[in-house]
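In: quick one, fold the following:
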Amino acid sequence: MTTAGRRHRIATDTTATALSDVLVELGIGVGDEVIVPSFGPGAPADSVRLAGAIPVFADIDPRTFCLDPQAVAAGITTRTAAILPVDVFGHPAPMADLDALAERNALAVVRPGAEGGIPEDAGSIARRRAHARFLNSALTGVIVPYTEPGAHHLYHRYSVRIPGNGRPDRDVFAKALAARGVRATVSVPVPVHRMPAHRSGVVLPNTELVAADSLSLPVHSGLTQRELTHVADACNELGGLV
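Out: Numbering: from 1, shown residues only. A predicted model of the protein is given here:
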């Protein structure tokens with residue numbers, strides 16, 4: 001087994017404590033850097049600080065919302081000890097590229113486990129995927145989620161991007177949907193590198209852009225076809241920009 005293979009670890013769940021435990025087991029701590037995403041939950045960056053190391057934020061691919069391997073490569077220094085990628089809204093991180101990058105640089109790769117350590121029900125996943133396929137074909141005026149060829153998207157969230165001028169247009173679009181009985185949620189209200197505990201001067205243009213214009217539509221497995229059609233019709237009535 002290669003060095004990278006031996007040092008590719010999956011935590012017991014998604015919490016900062018579980019991820020930190022794995023980092024500590026790998027001997028990662030004070031003086032080390034760990035590359036993490038800013039778009040998504042704060043647990044990866046929190047776990048790095050819990051281990052005594054420094055989180056280094058890398059930018060995302062604006063199509064998948066996952067870490068961009070090129071941005072990760074640009075963030076590697078002599079102090080880098082690990083990469084901590086996450087699957088975003090159910091789209092898998094680009095692990096083949098990240099594993100190859102880790103092997104070339106003798107880095108560990110640490111990944112979150114299942115939420116609560118419990119695998120998801122296959123029926124719920126299949127239902128969400130069916131809902132996503134319908135919305136992909138029915139929606140107009142918004143940018144629907146992208147799935148990398150060969151990837152299996154779980155659609156924990158169905159996050160679209162609203163064309164226009166970022167946050168103002170996205171927020172108006174969300175309010176207009178709410179007036180039509182569709183409860184959409186802001187995908188990532190604040191990127192992690194902008195939060196007080198992790199604020200830094202790092203420039204992450206794609207992270208900022210996607211955080212400003214993305215919106216998650218209902219896609220949970222309990223939706224009826226009538227409700228799903230109403231979601232699509234309400235979005236299409238708005239025509240993208242409001």
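In: so where's the chain shaky on pLDDT?
Out: Flagging of the chain using pLDDT under 70 yields the residue ranges 1-6, 116-117, 240-242.
In: can you list the domain ranges for it.
Out: Using automatic domain parsing, the domain parsing of the chain gives 3-117, 122-238.
In: excluding chain neighbours, what is closest to the spatially most central residue of the chain?
Out: Compute the mean C-alpha point of the chain, and by CA atoms, centre = their mean the closest residue is residue 88, 2.6 Å away. Leaving aside its sequence neighbours, residue 88 sits nearest to residue 65 (CB to CB, 6 or more residues apart in numbering; 4.2 Å). All C-beta spots, glycine's among them, are computed from the backbone N, C-alpha and C.
In: shouldn't the one you found be within a helix?
Out: No: when the secondary structure is assigned by DSSP: H, G, I helix; E, B strand; the rest coil, residue 65 falls in coil instead of a helix.
In: the longest helix in this protein is where?
Out: Once the chain is assigned using DSSP state H, the helix that runs over the most residues is helix 122-138.
In: so how far is it off the chain centroid?
Out: How far helix 122-138 lies from its chain's middle: 19 Å, per CA atoms, centre = their mean, to the nearest Å.
In: other residues contacting that helix?
Out: 90, 144-145, 153-156, 158, 217, 219-221, 223, 225, 228-229, 231-232, 236 (CB atoms under 8 Å, 6 or more residues apart in numbering).
In: what comes up buried for it?
Out: Neighbour-count burial for helix 122-138, counted by 16 or more other CB atoms under 10 Å, picks out 125, 127-132, 134-135.
In: quick check: next helix or strand after that helix?
Out: Under the assignment DSSP states H and E, the closest C-terminal helix or strand after helix 122-138 is strand 158-161.
In: next helix or strand past that next one?
Out: Criterion used, DSSP H and E; the element after strand 158-161 is helix 167-179.
In: counting by contacts, list what that following helix packs against.
Out: The helices and strands touching helix 167-179, judged by 3 or more CB pairs under 8 Å, 6 or more residues apart in numbering; DSSP states H and E, are strand 185-186, helix 205-213, strand 214-217, helix 225-238.
In: which one is residue 229 nearest to, not counting chain neighbours?
Out: residue 138 (7.5 Å).
In: which ones are touching residue 184?
Out: 173-174, 177-178, 215-218.
In: ok, of those residues, which come out buried?
Out: 173-174, 177, 215-218.
In: most tightly surrounded among the domains of the chain?
Out: domain 3-117 (a mean of 20; mean count of other CB atoms under 10 Å).
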